[in-house]
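A.B. asks: Output the structure for:
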Amino acid sequence: MQAPAVGGVSAPRGNGKTIRLPQGASLTDFAEKIGANPASLVAIMMHLGKMVTATQSVDPDDLQALGLELDFDVQVVSPEDEDRELLESFDIEYGEDEGGEENLLPRPPVVTVMGHVDHGKTKLLDAVRSANVQAGEAGGITQHIGAYQVETEVDGEDRKITFIDTPGHEAFTAMRARGADTTDLVVLVVAADDGVKPQTTEAIDHATAAGVPIVVAVNKIDVEGADPNRVRAQLTEYGLVAEEFGGSTIFVDVSAKQRENIDGLLEAIILTADAELDLKANPDMPAQGSAIEAHLDKGRGAVATVLVQRGTLRVGDSIVCGVANGRVRAMLDENGNNVTEAGPSRPVMVLGLAAVPGAGDNFLVVDDDRVARQIADKRVARKRNAELLKSRKSNSLEELFKDFQEGKREELLLILKGDVSGSVEALEDSLLKIDVGDEVSLRIIRRGVGAITQDDVNLSLASEEGAVILGFNVRPERNAQELADREGVDIRYYSIIYQAIEEIEAALKGMLKPEFEEVQLGTAEVREIFKVPRIGNVAGSMVTSGIIQRNAKARLVRDGVVVADNLTVSSLRRFKDDATEVREGFECGIGVGYNDIKLGDVIECFEMREKPRT
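C.D. replies: All right, here's what the predicted structure looks like:
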């Protein structure tokens with residue numbers, strides 16, 4: 001049934017029918033669903049005041065507006081729902097153990113270490129696993145996520161604990177939040193000499209939101225001024241009441257530097273996990289879990305650190321992880337040793353993926369390489385559509401008209417590339433929080449891991465205003481560098497996230513239109529009026545304050561009222577000589593190109609100076 005003409009164009013009528021479209025869908029996708037001509041939908045969008053081409057990714061709000069116009073109930077499927085439907089089409093259920101209670105076996109707890117910067121999280125992990133992570137980090141700040149499994153003895157029984165190390169600065173909030181989502185228990189590190197700090201409370205919020213128990217490690221008890229009891233008292237305000245105070249939270253006093261009472265901390269983790277959690281998983285099923293970290297290794301290709309959450313991952317398994325797929329060629333543990341299989345709660349480094357997955361992407365083992373490739377290809381297409389949607393603005397006719405009237409709104413487009421996905425995610429999260437007002441905005445149209453490629457440079461060239469490429473611990477491929485140099489694409493390189501944040505913030509402020517303020521230079525009182533041929537009236541004046549400058553802006557004030565504005569000091573003389581400026585207390589002749597001057601008038605001289613933007 002054809003709808004009545006909309007703006008002179010007819011299209012099928014939906015009569016309330018529901019249509020499901022993925023994010024980043026185009027008008028062509030919409031037209032295929034309803035059996036319409038894409039050109040007719042383009043015309044209807046113009047009638048609705050939107051300039052959209054048939055193949056361009058359309059904003060979800062615009063898709064729903066078009067649906068209302070044609071009486072269709074348009075549901076834009078979220079990436080999560082779309083992914084779940086994709087897996088269901090292959091008869092895969094992600095996130096659930098197969099079988100019944102009898103198939104579930106105990107698994108080690110997964111622990112995330114959190115706390116304020118410089119409170120000793122990395123040192124504590126060093127003490128736990130006797131390896132120095134921090135030495136290789138830029139600026140001594142943990143910028144990558146790692147996962148490690150350690151063994152301890154509790155009540156004569158060998159027990160294992162998996163640690164996830166999350167970076168410690170507030171810029172990495174997103175990474176820390178994701179760490180809490182994949183964890184069973186949080187170790188909150190608080191320095192005994194420093195007490196509760198902003199990031200300490202931030203970590204408590206993340207752990208509470210994830211619904212996981214907390215063990216508090218009071219670190220630096222060997223430092224002068226250490227007061228573990230003060231930490232206990234401070235944390236009671238946040239609902240963490242120590243057992244000795246009648247609460248249920250275990251506090252353990254440790255010294256990571258002196259490696260003191262580390263065994264006590266590990267025992268507290270096991271006791272808390274046993275008391276509050278029932279940690280079980282089915283090891284006899286195809287493996288599923290999450291990518292903790294991923295990067296591109298020059299010799300080994302795409303390398304991902306994954307945490308197996310259920311099932312057992314084996315060498316030779318066909319695996320799909322986010323947009324990456326492949327066959328597990330080899331697995332390494334935290335010490336670099338080869339392992340053939342990894343059960344629940346086991347973190348391993350996986351080699352054999354065709355691309356670099358994102359930190360936090362789920363992974364799963366499928367029947368064969370073909371299925372893995374099909375799932376990955378569909379995810380890649382969805383990601384590409386999302387990037388296209390980000391790289392274009394859907395301008396309404398009113399917005400275009402407004403841009404012409406007021407001058408185009410400034411926008412900075414960015415492409416982020418980094419050595420590991422966690423750092424890229426943290427950098428993106430921090431950059432999007434930069435706020436310099438409504439005049440300028442920032443949009444990230446692509447983020448990825450690995451060297452800057454020719455495709456990244458081409459995307460920058462294809463974007464509306466030319467995107468700036470940010471490389472975090474990465475460099476461009478040779479062809480990409482040549483193309484960037486030839487086309488003038490701006491590529492910036494960083495090794496510490498905070499430098500990138502500061503420079504981008506400065507760049508955004510630099511894009512702001514300059515603001516000017518009026519600065520008064522001086523005033524002069526008219527004492528006599530001279531008529532000069534071909535020039536007009538010249539005011540014989542006494543400079544009463546400041547200075548009067550030739551070519552400066554001026555206004556004429558009479559009895560406190562501005563008589564003439566937007567004047568210019570076109571001539572300035574001292575007696576018979578031309579002058580560039582005359583100071584307070586001196587007489588001069590001033591010509592401002594205005595003849596209606598009277599005795600007693602005041603000539604104000606001023607200039608417009610640019611205000612620094614803060």
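
A.B. asks: And for residue 493, the neighbour number?
C.D. replies: For residue 493, the neighbour count with other Cβ atoms under 10 Å is 15. Where C-beta positions appear, they are placed from N, C-alpha and C, glycine not excepted.

A.B. asks: my hunch is that it is in a strand, does that hold up?
C.D. replies: Yes - membership of residue 493 in a strand is supported by DSSP: H, G, I helix; E, B strand; the rest coil.

A.B. asks: ok now do it, which residues does it touch?
C.D. replies: Counting by Cβ atoms under 8 Å, 6 or more residues apart in numbering, residue 493 makes contact with 471, 474-475.

A.B. asks: go with 10 Å
C.D. replies: 452, 469-476, 499-500 (Cβ atoms under 10 Å, 6 or more residues apart in numbering).

A.B. asks: repeat for residue 412
C.D. replies: 431, 434, 440-444, 465-468, 504, 507-508, 510-511.

A.B. asks: per-residue pLDDT, it?
C.D. replies: Predicted confidence (pLDDT) at residue 412: the value is 80.

A.B. asks: Direction included, what does whatever helix or strand it lives in pair up with?
C.D. replies: Element membership of residue 412, judged by DSSP states H and E, is strand 410-418. Strand 410-418 has its sheet partners listed here by DSSP bridges as strand 440-449 (parallel), strand 468-472 (parallel).

A.B. asks: Tell me the one among the contacts of residue 412 nearest to residue 543.
C.D. replies: Nearest to residue 543 among those, counting by Cβ to Cβ, is residue 510 at 38.3 Å.

A.B. asks: Now rank the contacts of residue 412 by neighbours and give me the top one.
C.D. replies: Neighbour max across the contacts of residue 412 (other Cβ under 10 Å) = residue 467, 25 neighbours.

A.B. asks: I'd like the distance between that residue and residue 492.
C.D. replies: Residue 467 is 11 Å from residue 492, where distance means Cβ to Cβ, to the nearest Å.

A.B. asks: overlap in contacts of these two?
C.D. replies: Common neighbours of residue 467 and residue 492 (Cβ under 10 Å, 6+ apart) are residue 414.

A.B. asks: re earlier: please export the C-alpha coordinates of the strand holding residue 412 as CSV.
C.D. replies: What follows is strand 410-418 as a C-alpha-only set of coordinates in CSV (Å, rounded to 0.1, in the frame of the first residue of the first chain):
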residue,chain,number,x,y,z
GLU,A,410,34.6,24.4,14.6
GLU,A,411,35.2,20.7,15.1
LEU,A,412,38.4,18.7,15.7
LEU,A,413,38.3,15.2,14.2
LEU,A,414,40.8,12.6,15.6
ILE,A,415,42.0,9.2,14.6
LEU,A,416,43.6,7.3,17.5
LYS,A,417,46.2,4.6,17.1
GLY,A,418,48.1,3.0,19.9
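
A.B. asks: Mind giving me the packing neighbours of the helix or strand following it?
C.D. replies: Where DSSP H and E defines the elements, the next helix or strand beyond strand 410-418 is helix 421-432. For helix 421-432, the packing partners by 3 or more Cβ pairs under 10 Å, 6 or more residues apart in numbering; DSSP states H and E come out as helix 173-181, strand 288-297, strand 410-418, strand 440-449, strand 468-472, helix 497-511.

A.B. asks: ranges for the strands of the stretch 1-150 of the chain?
C.D. replies: 17-22, 72-77, 105-106, 110-115, 146-154 (DSSP state E, counting those that start in this stretch).

A.B. asks: To residue 522, which of the ones you listed lies closest?
C.D. replies: strand 110-115 (59.9 Å).

A.B. asks: Let me have the helices and strands packed on helix 421-432 in JSON lines, extended by distance to residue 240.
C.D. replies: Formatted as JSON lines, those follow (distance: least, Cβ to Cβ, whole Å):
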{"stretch": "helix 173-181", "distance to residue 240": "15"}
{"stretch": "strand 288-297", "distance to residue 240": "26"}
{"stretch": "strand 410-418", "distance to residue 240": "35"}
{"stretch": "strand 440-449", "distance to residue 240": "36"}
{"stretch": "strand 468-472", "distance to residue 240": "35"}
{"stretch": "helix 497-511", "distance to residue 240": "29"}
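
A.B. asks: Please identify which of those is closest to residue 242.
C.D. replies: Using Cβ to Cβ, the nearest of the helices and strands packed on helix 421-432 to residue 242 is helix 173-181, at 21.6 Å.

A.B. asks: how about low-confidence regions in the stretch 501-614 of the chain?
C.D. replies: For the stretch 501-614 of the chain, the stretches with pLDDT under 70 are 510-515, 612-614.
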